[in-house]
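Colleague: I need the structure of the sequence given here:
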Amino acid sequence: MATVTTTAPETQQVSGTTPSSGKPSRRTGSPGWRIFRYAVLLASLLLVLIPVYVLFVTSFKGIGDASPSRTWFFPQTWTGQNWADAWEALSPALMRTFAMVIPAAVLSSLLGSMNGFVLSRWRFPHANLVFTLILFGMFIPYQAVMIPLVQLMIDINVPNGIPSLILLHVVYGIPICTLIFRNYYETVPMELIESARVDGAG
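Modeller: Sure thing, here's the model as predicted:
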């Protein structure tokens, strides 16, 4: 009894050329096209870096050397006094900024992560409504509540300066942090949490 065997057609491998015409495929492109793309990207990079170059070079120029006619030239005499003067003038405000921003960011992230975990894993009644009300805080214009917030800080005797700014930034940072962490916790599968509990995690 004769048997008929058939062989599957050979699989065509995708390379830099198409099997029929021998021309470069669209995936890789011709060498000339790649050179053109890299040239455009390099020109765009240089265009973006021009202001950076001007600022960096000008920062090392003296008062007499920083003129519009010598914008593109290197300094005749390199000096770092401009950097020292700028640091002396800006360092107090910069330190105050760090003293306000770092605690506010940490507290907002901490509270937002706890809110996000509760809203994503604990299905209590009206959880979605609570989440929606929290998100409303993202859309309240600062200008609309600026005067009431100042009056509130005075009424509850919060010290002026950095403590009141930290409190306000934490309150305004909770909605966006809650949204980010809730969406993240929603992507974590329950099987992973259950397996961690089996391994002894609290």
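Colleague: Spatially central residue for the protein, please.
Modeller: Note on the chain: the residue nearest the mean C-alpha position is I180, at 12.5 Å, using Cα atoms, centre = their mean.
Colleague: Can you tell me the element it falls in?
Modeller: helix 162-187 (DSSP states H and E).
Colleague: how far out from the middle of the chain is that helix?
Modeller: 15 Å (Cα atoms, centre = their mean, to the nearest Å).
Colleague: Direction-wise, compare whichever helix or strand comes after it with helix 162-187 and give the angle.
Modeller: Per DSSP H and E, helix 162-187 leads on to helix 190-198 as the next helix or strand towards the C-terminus. Using axes from the mean of the first three to the mean of the last three Cα atoms, to 10 degrees, the inter-axis angle of helix 190-198 relative to helix 162-187 is 100 degrees.
Colleague: Tell me the buried residues in helix 190-198?
Modeller: Using 16 or more other Cβ atoms under 10 Å as the test for burial, helix 190-198 gives no buried residues. Placement of C-beta: from N, CA and C, glycine included.
Colleague: model confidence over that helix, on average?
Modeller: For helix 190-198, mean pLDDT rounds to 86.
Colleague: Contacts for that helix next, please.
Modeller: Under the contact criterion Cβ atoms under 8 Å, 6 or more residues apart in numbering, helix 190-198 has no outside partners.
Colleague: In contact with the residue nearest to the centre of the chain, which residues?
Modeller: 112, 116.
Colleague: how deep is S120 tucked in, by neighbour count?
Modeller: For S120, the tally of surrounding residues (other Cβ atoms under 10 Å) stands at 19.
Colleague: wouldn't it be in contact with Y185 here?
Modeller: Yes - counting by Cβ atoms under 8 Å, Y185 is a contact partner of S120 at 4.0 Å.
Colleague: quick one, strands of this protein?
Modeller: Using DSSP state E, no strands are found in the chain.
Colleague: before we move on, back to that, any idea how far P92 is from the residue nearest to the centre of the chain?
Modeller: For I180, the distance to P92 equals 32 Å [Cβ to Cβ, to the nearest Å].
Colleague: What of M146?
Modeller: Counting by Cβ to Cβ, the gap from M146 to P92 is 25 Å.
Colleague: which residue packs closest to W72, ignoring adjacent ones?
Modeller: Setting aside the residues directly before and after it, W72 is nearest to V54 in space (Cβ to Cβ, 6 or more residues apart in numbering), at 7.4 Å.
Colleague: could you dump stretch 113-120 to PDB, C-alpha only?
Modeller: Provided in PDB are the C-alpha atoms of stretch 113-120 (Å, rounded to 0.1, in the frame of the first residue of the first chain):
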ATOM      1  CA  SER A 113       0.000  54.100  49.800                       C
ATOM      2  CA  MET A 114      -2.100  53.200  52.800                       C
ATOM      3  CA  ASN A 115      -5.200  54.700  51.200                       C
ATOM      4  CA  GLY A 116      -4.500  53.000  47.900                       C
ATOM      5  CA  PHE A 117      -4.100  49.600  49.600                       C
ATOM      6  CA  VAL A 118      -7.300  49.900  51.500                       C
ATOM      7  CA  LEU A 119      -9.300  51.100  48.500                       C
ATOM      8  CA  SER A 120      -8.000  48.300  46.300                       C
END
